Structure formats: C-alpha cells, structure tokens
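J.: here is a sequence together with a model predicted from it:
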Amino acid sequence: MLKSIIKGAVVVASLALATSAIAKDKIRVGISPEAYPPFTSLNAKNQWEGFEIDLLAALCKQMDADCKIVSIAWDGLIPALNGKKIDMIFNSMSITDERKKVIDFSDKYYNSPAEIIGTKDAPNVTVVDNPDGKGGKIANPADLKGKTIGVQTATIHADYAAKYFKDATVKVYDTADNHNADLVAGRIDYALLDSVAADDFVKANAAKGIGAKLIVPADPIFGVGAGAGLRKNDTKLKDKINAAIKAVRASGEYDTIAKKYFTFNIYGD
C-alpha cells in the first residue's frame, strides 16, 4: 500500500511539474474601448480587430504568452498600469519624455504624424520650412484665431494644441469619436489627431464636407512613435516584448500584417 501511495505521489508531482513547465505567462493588456480604426475597434460581434490587435496576437505568440485584453478608458490606462490592474498598454500610445516620467515603454512598433482635419469651409493651414532644416512648422498659428479645435484628452495632440494654438479655442473631448462627431455637426472647425485615423475619417465623411488640412510637422511633443506602455522596472516584460517586436519584424510577419491596413511604411524610419 505504501509503495502505491508513493508511486501515486510521484505521478501527481510529475504532472504538476509538467503543467508548470508548459504554463504560459499571462499578460493583461489595456486597450481603450473606443473605436480607433484601423488600429483597434470592436466589430458587430463584439470582437477586437485592427492592426494593433493583429500585431498584438503575433507578439504574444512570439512570447508564448496568454494575453487578455482589458477595456479601460484612454485616460485611465496609465493609472491602471501603475495600479497593477493591467500589465501592458498596447493602444497607439506615443513614447514621449513626459510619459516616461511615470511609465516605461517598449521599442516603437509604428510611427505616424499628426494631422489637422476640418470642415470644407475652414481655411487650410500652411507650413513653412524651419531654418535649421529639421522639417517644417505651422506658418501662422494665428490663422486659427477665433477657430475651435477639437482634441482628445490626455493625448500628445492636446498637449500640442495647448502649446501652439493660443489664438484658437481648444476644446478637449473624452474620445476622438466625440470630437469627430462635433466636426461633422459643425460645432468645431478643426480636429487634431493621428494622420492614419484622420485619413480614414476623412474618406468616410468627405461627402459631409470634411477634408484634410495639414500634416503637422514633427515636434518633440509627439515623441518617437507608439510603443507598449510598461511599468517602470518591469525589465522582464520589456525585454520579452522588445525581442518579440524585433523577431516579428525580422520574419516578415510585421509587414504582412501592416499591408492589410496600410499602403505605406507605418513603421517609419
């Protein structure tokens, strides 16, 4: 009897060790539930889709991790990360010096400029070259005097508008969807947002009088691209996600995913 008990205990222990050996890392990934095509959105079946969703799946497979998306409002993502309610943000969050004061980031996984869009009657905004040859600047922000510009709260676009559009009224919204809706309704004159999302919106609403006005020149406020937001000192996860980004790009899988959504190099230089 004792021999059988010991044998059974050995089997149980072996199964436990085997299960432990194949257990995957569990990563809770914070994403805002608002639609942000072509990056993230929920379809009619309440399933996540978009470029970042496909890329996240490829990265989690590369890391051999079990990733679970947790829906959190945009301005609650960083508090949720630091409060350990999630382990990573994967939601077009730009890597900026200001954000790096409170969280860490992976390497970038895409980069796109900001864009101003407006109603058909709103004047175009012009750009001139900087004397140092490092790109352009908005020629005359005072052209926007008396105009109302919509931006989403807690974004690089809100920071940029607050700094440079002092002669305009900057209206801050909880979501980009809401400032876009006000733009179509004529309650604001312009919106400032990511160029890819802006172009998708313009195409869908051109018949309603919405048009592109200006790709905004590079500025330190905009950072160096979008990265996965991580808690400071979480070097283990940072190393894993960076290695996964590098591997997915090297294998060509990144380009395969990107070509489903973009006709240009979304990764950037």
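T.: Here it is on my side, so go on. Residues are numbered from 1 along each chain as shown.
J.: what about the spatially closest residue to T153 that is not a sequence neighbour, distance to L59?
T.: Using CB to CB, 6 or more residues apart in numbering and skipping the chain neighbours, the partner closest in space to T153 is V172 (5.0 Å). Glycine gets a C-beta too; all of them are placed from N, C-alpha and C. Distance from V172 to L59, counting by CB to CB, to the nearest Å: 32 Å.
J.: higher neighbour count, those two?
T.: For V172 and L59, the more surrounded residue by other CB atoms under 10 Å is L59, and the numbers stand at 28 against 16.
J.: need the contact list for the more buried one.
T.: Shown in contact with L59 (CB atoms under 8 Å, 6 or more residues apart in numbering): I241, A244, I245, V248.
J.: and of those residues, the nearest to Y160?
T.: Of all the contacts of L59, Y160 sits closest to I245, with 26.4 Å by CB to CB.
J.: I'd guessed the closest one sits against S106; true?
T.: Yes: contact criterion CB atoms under 8 Å: I245 and S106 qualify, at 6.5 Å.
J.: restricting to C-alpha, output the host helix or strand of I53 in PDB.
T.: Assigned by DSSP states H and E, I53 belongs to helix 51-63. Only the C-alpha atoms of helix 51-63 are listed here, as PDB (Å, rounded to 0.1, in the frame of the first residue of the first chain):
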ATOM      1  CA  PHE A  51      -3.700  46.500 -37.000                       C
ATOM      2  CA  GLU A  52      -2.700  46.600 -33.300                       C
ATOM      3  CA  ILE A  53      -4.900  43.600 -32.500                       C
ATOM      4  CA  ASP A  54      -3.300  41.500 -35.200                       C
ATOM      5  CA  LEU A  55       0.200  42.700 -34.200                       C
ATOM      6  CA  LEU A  56      -0.500  42.000 -30.500                       C
ATOM      7  CA  ALA A  57      -1.600  38.400 -31.400                       C
ATOM      8  CA  ALA A  58       1.700  37.900 -33.300                       C
ATOM      9  CA  LEU A  59       3.800  39.300 -30.500                       C
ATOM     10  CA  CYS A  60       2.000  37.300 -27.800                       C
ATOM     11  CA  LYS A  61       2.500  34.100 -29.900                       C
ATOM     12  CA  GLN A  62       6.200  35.000 -30.300                       C
ATOM     13  CA  MET A  63       6.500  35.400 -26.500                       C
END
